[in-house]
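Trainee: next one to model:
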Amino acid sequence: MAAGILASAAFPQLAVAAENHALPGQTMSLWWGLPFAGLLLSIATGPLLFHHAWEHHYGKITAFWAALVIVPLAIAFGMSSAMEAVLHALLTEYMSFIILLFALFTISGGILVAGNIHGTPLVNAGLLLIGAVLASVIGTTGASMILIRPILRANDNRPFNAHVAIFFIFLVSNIGGSLTPLGDPPLFVGFLRGVDFFWTTQNLWRETLFVGGVVLATFLAIDIILHRREAGMPKIKDPTPDTKVRIRGLANIPLLAGVIGAILLSALWKPGVSVSVMGVSLELQDLVRDAIILALAFLSLRVSYKSHREANGFNWEPIAEVAKLFAGIFICIVPVVAILKAGHDGALAPLVSLVTSPSGQPNDLAYFWLTGALSSFLDNAPTYLVFFELAGGDPQHLMTEFASTLAAISAGAVFMGANTYIGNAPNFMVYAIARHRGVKMPGFFGYMAWSGAVLIPIFLIAGFLFLD
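Mentor: Below is the predicted model:
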């Protein structure tokens, strides 16, 4: 009943368009965006406001919002058009997206950094730098899960250590992942949409170097001040005395290299062969890439020691949650993308005008801040996709004439995912691990006070330096 009412409100004519599989975005109202907004709001507030219910029923909540898209689409435009639109999003984008995340999560979970070192300011800064570099190679999730426990162990005898985890979220869980599609989910979504693999490396290295460098320098200054203040305080016995650091599970390193190679292969090898699955055309190079990546993930399970995964606190719940939530996101965003493709003729024309100058050119600063603001409170991958489509959705056009606009969208989505605990998937995972290990992490708004004081001024400067 709710789905039928939503369909009637969103598309009064209930025109059946089975013969035309493209959704008519220019005639669709903003009601079609309600499930997308509802799902993102649920993701943003669920873990904080009703944690117990969310933990046990997030899959059902996600399915409810997805149903409020699929059923009205079928009623309004016919089952054939609705299913093709939804399956196209799931088979061409979601499957590759979740396969990559699954592989990076699985393989990195088999790598254990054992041992312990003393967390001096220079050591901490070095670990953050290593993590930020790794983030663009094995993803922000992979780098975060490998390094968060070693850096917490290194600082577990310090009275002031919450700032270490906070800056870890800034640099390793977000900013460091801005240089390749492997780094952060929004960039991989862009890669799936046709953005070249090394485009972000070539076009965001200056912004990343500046923002990452200033944030790291700020951390070093704060850590030096706090470390000196600790010198006059009673000593705390180190619960994990310093021991030689060793990297276990090295067999997973070539598997990570294999994932990178598979993605590069799909970017370079274009045989021009496609396979039709339920009316959706899938390119051979994409199918081969996904098959290789899956095989490498399962191989990691065979070659990794169970004890290494246990020491890392590895379990399947985080990736299962991401898989369910993103399935709903990719379904719910289907009508929103159709409306955005209509541009000034669609119901989101005011948003188009907001990011467009009077001359008709895109306003890069507006794209940067709007993408970033939404990425701070909503998941940054769907936010990136929304503004990617708002900018025209043509990757060749965005990589050339409007390269600065795509850079603004990419930087906003990746950098500003660090503004809150819920801006990017690893943020809350790092927060939970730190609290579990006894770190007195700030609450939701306390963390925002840190990001507001440290990150926002740096983003303001970066915006005017590189995007104005």
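
Trainee: is Val245 in a helix, a strand, or coil?
Mentor: Of the three states, Val245 takes strand according to DSSP: H, G, I helix; E, B strand; the rest coil.

Trainee: now do the same contact list for it.
Mentor: 113-117, 150 (CB atoms under 8 Å, 6 or more residues apart in numbering). Backbone N, C-alpha and C define where each C-beta goes, glycine included.

Trainee: let's see it at 7 Å
Mentor: Val245 sits next to 113, 115, 117 when contact means CB atoms under 7 Å, 6 or more residues apart in numbering.

Trainee: just Leu30 next, same as before
Mentor: Ala347.

Trainee: likewise Phe188?
Mentor: So Phe188 contacts 97, 100, 181 (CB under 7 Å, 6+ apart).

Trainee: quick check: the second one is in a helix.
Mentor: In other words, Leu100. Yes. Counting by three-state DSSP, Leu100 is located in a helix.

Trainee: was I right to think it contacts Ile293?
Mentor: Yes. At 6.2 Å, Leu100 counts as touching Ile293 under the criterion of CB atoms under 7 Å.

Trainee: quick one: the helices in the stretch 301-450 of the chain, in order.
Mentor: Assigned by DSSP state H, counting those that start in this stretch, the helices in the stretch 301-450 of the chain fall at 306-311, 317-341, 349-354, 364-377, 380-390, 395-399, 403-415, 425-436, 444-466.

Trainee: deepest of these, which one?
Mentor: For the helices of the stretch 301-450 of the chain, the stretch with the most neighbours on average is helix 403-415, a mean of 27; neighbours defined as mean count of other CB atoms under 10 Å.

Trainee: and it, what does it pack against?
Mentor: When contacts are defined as 3 or more CB pairs under 7 Å, 6 or more residues apart in numbering; DSSP states H and E, helix 403-415 sits against helix 185-192, helix 199-230, helix 364-377, helix 380-390, helix 395-399.

Trainee: neighbour-wise, which one of the contacts of Phe188 leads?
Mentor: If you count neighbours using other CB atoms under 10 Å, the busiest of those is Pro181, which has 27 neighbours.

Trainee: returning to what we had before: so which of the contacts of Val245 are in helices?
Mentor: Among the contacts of Val245, none falls in helices (DSSP state H).

Trainee: name the nearest of those residues relative to Gly438.
Mentor: Gly438 has its nearest neighbour among the contacts of Val245 in Ile117, at 18.5 Å by CB to CB.

Trainee: for the closest one, what are phi and psi?
Mentor: phi -130, psi 170 (degrees, to the nearest 10).

Trainee: closest to Thr420 out of the contacts of Val245?
Mentor: Among the contacts of Val245, and counting by CB to CB, the member closest to Thr420 is Val113, at 27.4 Å.

Trainee: ok, and the closest non-adjacent residue to that closest one?
Mentor: Nearest non-adjacent residue to Val113, counting by CB to CB, 6 or more residues apart in numbering: Pro150, 4.5 Å away.

Trainee: C-terminal to whatever helix or strand the one you found lives in, which secondary structure element comes first?
Mentor: Here Pro150 sits within helix 121-154, counting by DSSP states H and E. Remark: after helix 121-154, the chain's next helix or strand is helix 162-171, criterion DSSP H and E.

Trainee: that next one to helix 121-154, inter-axis angle?
Mentor: Helix 162-171 runs at 100 degrees relative to helix 121-154, counting by axes from the mean of the first three to the mean of the last three CA atoms, to 10 degrees.

Trainee: need the contacts of Val245 in a markdown table with pLDDT, can you?
Mentor: As requested, the contacts of Val245 are exported to a markdown table (pLDDT from 0 to 100):
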| residue | pLDDT |
| --- | --- |
| Val113 | 84 |
| Gly115 | 79 |
| Ile117 | 80 |
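
Trainee: and which of these is nearest Glu230?
Mentor: Once CB to CB is applied, the member of these that ends up nearest Glu230 is Ile117, at 16.7 Å.

Trainee: ok, the closest one - contacts?
Mentor: Here Ile117 is in contact with 123, 154, 242, 245 (criterion: CB under 7 Å, 6+ apart).

Trainee: list the contacts for the first one?
Mentor: Contact criterion CB under 7 Å, 6+ apart gives 117, 154 as the residues in contact with Val123.

Trainee: now it: how far from Phe188?
Mentor: Distance of Val123 to Phe188, given as CB to CB, to the nearest Å: 32 Å.

Trainee: same thing with His344?
Mentor: Applying CB to CB to His344 and Phe188 gives a distance of 29 Å.

Trainee: can you check Leu179 too?
Mentor: For Leu179 relative to Phe188 (CB to CB), the value is 12 Å.

Trainee: orientation of the helix or strand where Ala67 lies relative to helix 317-341 in degrees?
Mentor: If you go by DSSP H and E, Ala67 is part of helix 51-77. Angle of helix 51-77 versus helix 317-341, following the same axes, to 10 degrees, is 30 degrees.

Trainee: can you name the next helix or strand after helix 51-77?
Mentor: Counting by DSSP H and E, what follows helix 51-77 is helix 79-89.

Trainee: elements contacting that following helix?
Mentor: helix 51-77, strand 280-283, helix 317-341.

Trainee: could you dump the ones you listed to JSON lines with mean pLDDT and distance to Leu460?
Mentor: Formatted as JSON lines, the helices and strands packed on helix 79-89 follow (pLDDT from 0 to 100; distance: least, CB to CB, whole Å):
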{"stretch": "helix 51-77", "mean pLDDT": "92", "distance to Leu460": "34"}
{"stretch": "strand 280-283", "mean pLDDT": "88", "distance to Leu460": "41"}
{"stretch": "helix 317-341", "mean pLDDT": "85", "distance to Leu460": "27"}
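
Trainee: okay if I get the ones you listed as CSV plus distance to Leu370?
Mentor: Below are the helices and strands packed on helix 79-89 laid out as CSV (distance: least, CB to CB, whole Å):
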stretch, distance to Leu370
helix 51-77, 23
strand 280-283, 31
helix 317-341, 13
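
Trainee: lovely, talk soon.
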